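Asker: model the structure of this input:
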Amino acid sequence: MIAAAFHVSGRGGSAIELVGARTEFNTSVMNSTLPSKSSTSDYSTSPVSMIFSIWRNREITWLLAKRDVQARYKGSYIGLLWTLVNPLLMLLIYTFVFTFIFKSRWAGAVDGGRSQFALVMFVGVIIHGLFSEVVNRAPGLVLENPNYVTKVVFPLEILPAIGLGAALFHALAGILILLIGVLVYSGELHWQVILLPFVLFPFLVMVIGIAWILSALGVFARDLKQSTTFITTAMLFLSPVFYPETAWPEQYRTLFLLNPLTFIIGQSREVCLWGHYPDFIGLGVYLLIAMIVAWFGFFCFQKMRKGFADVL
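Answerer: Predicted coordinates:
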């Protein structure tokens, strides 16, 4: 038996560190998850290598993502329950502020909009939160793990996937609270909600591609991490989170649709709230573009990683 453990330390955007031996893996698992020195020296950039790398390292990715989530709540009294408490409190606050104070209405909502505004907005908050968590962490992923670059043989290309896995866990907790809110509000859930994974999958492919690009550039451009915080904050207001897509002026509508959040937020509302089928053709086009972005990000990461050790 080979004893090894990957432990996530710190909070929020903290580094994932390789430490002591507490979790045991047998030899076959280790061989299937961690590549040998020779297999990582060529840094293949093909789409097939991209998919194969994620699949081959899925076990180590799952383990590190789980440890990442656990470390964020380590030492707190209620632990992982915060993943449910936080979105629940946010939904209650949104409901109170936008229903009773602003008396906001959502154009096109089933009941005229006001009482459903918080739920509609919460969908956008969840999608944007997933995006911003991954993007904001991406520039520091390699910088925060110099040992992975210089001292151990590690598949660096899975670092963005680890960050994405942790962010997806928090997003799923938010979706659970959302569905409970819909059930309380309307007394039923539309069966189309089971199609939500088909809506989110192309988005996840797009996000990991962006994360690959940013994590590689972040090694050489240290200011990038500060820039992404501003960009993701701006995208909160440039995406249909607090307002419907129709609110944008017609002459800027095309530019608005280029936002990778716009289409996914709209389709998530269709299946979760309105009980409609998603736009499968649109999702297919989005997936095709997302795969191109993902491969380009993987290509950039693999090409730039040869210089990581020199910079670190």
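
Asker: was I right to think Met206 contacts Ile292?
Answerer: No. Applying Cβ atoms under 8 Å, one finds Met206 not in contact with Ile292, separated by 9.6 Å. The C-beta positions use only the backbone N, C-alpha and C, and glycine is treated the same way.

Asker: tell me which of those two has more neighbours.
Answerer: More crowded of Met206 and Ile292, by other Cβ atoms under 10 Å: Met206, with 23 against 14.

Asker: what is the burial count for Gly209?
Answerer: So Gly209, with other Cβ under 10 Å, has 26 neighbours.

Asker: only the buried residues of whatever helix or strand it lives in, if you could.
Answerer: Using DSSP states H and E, Gly209 sits in helix 196-220. Residues 196, 199-200, 202-219 are the ones in helix 196-220 that count as buried (16 or more other Cβ atoms under 10 Å).

Asker: returning to that earlier point: any residues in contact with both of Met206 and Ile292?
Answerer: Common contacts of Met206 and Ile292 (Cβ atoms under 8 Å, 6 or more residues apart in numbering): none found.

Asker: now Val120, nearest residue through space, not along the chain?
Answerer: Trp106 (4.8 Å; Cβ to Cβ, 6 or more residues apart in numbering).

Asker: average pLDDT across stretch 230-241?
Answerer: Taken as a whole, stretch 230-241 has a mean pLDDT of 93.

Asker: buried ones in it, by neighbour count?
Answerer: Quick answer for stretch 230-241 (16+ other Cβ under 10 Å): Thr232, Met235, Leu236, Ser239, Pro240, Val241.

Asker: then stretch 91-109?
Answerer: Leu91, Tyr94, Thr95, Phe98, Thr99, Ser104, Arg105, Trp106, Ala109.

Asker: can I get those residues in JSON lines with distance to Gln302 and pLDDT?
Answerer: Putting the buried residues of stretch 91-109 into JSON lines (distance: Cβ to Cβ, whole Å; pLDDT from 0 to 100) gives the following:
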{"residue": "Leu91", "distance to Gln302": "41", "pLDDT": "86"}
{"residue": "Tyr94", "distance to Gln302": "41", "pLDDT": "84"}
{"residue": "Thr95", "distance to Gln302": "46", "pLDDT": "81"}
{"residue": "Phe98", "distance to Gln302": "45", "pLDDT": "78"}
{"residue": "Thr99", "distance to Gln302": "49", "pLDDT": "74"}
{"residue": "Ser104", "distance to Gln302": "47", "pLDDT": "71"}
{"residue": "Arg105", "distance to Gln302": "49", "pLDDT": "70"}
{"residue": "Trp106", "distance to Gln302": "44", "pLDDT": "75"}
{"residue": "Ala109", "distance to Gln302": "46", "pLDDT": "59"}
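
Asker: may I ask which two of the residues you listed are separated the most?
Answerer: Leu91 and Arg105 (18.0 Å; Cβ to Cβ).

Asker: I figured Phe298 hits Glu157, correct?
Answerer: Yes. Counting by Cβ under 8 Å, Glu157 is a contact partner of Phe298 at 6.8 Å.

Asker: who's more crowded, these two?
Answerer: In this view Phe298 and Glu157 are compared by other Cβ under 10 Å, and Phe298 has more residues nearby, 26 against 22.

Asker: who are the contact partners of the more buried one?
Answerer: Phe298 neighbours (Cβ under 8 Å, 6+ apart): Thr45, Pro47, Ser49, Met50, Glu157, Gly209, Trp212.

Asker: where does the first one land in three-state SS?
Answerer: The three-state assignment at Thr45 reads coil, by DSSP: H, G, I helix; E, B strand; the rest coil.

Asker: now do the helix or strand harbouring Ile93: everything it contacts.
Answerer: Per DSSP H and E, Ile93 falls inside helix 82-96. Under the criterion Cβ under 8 Å, 6+ apart, residues 69, 73, 76, 78, 118-119, 121-122, 125-126, 169-170, 173-174, 176-178, 181 lie in contact with helix 82-96.

Asker: next SSE downstream of it?
Answerer: Where DSSP H and E defines the elements, the next helix or strand beyond helix 82-96 is helix 117-137.
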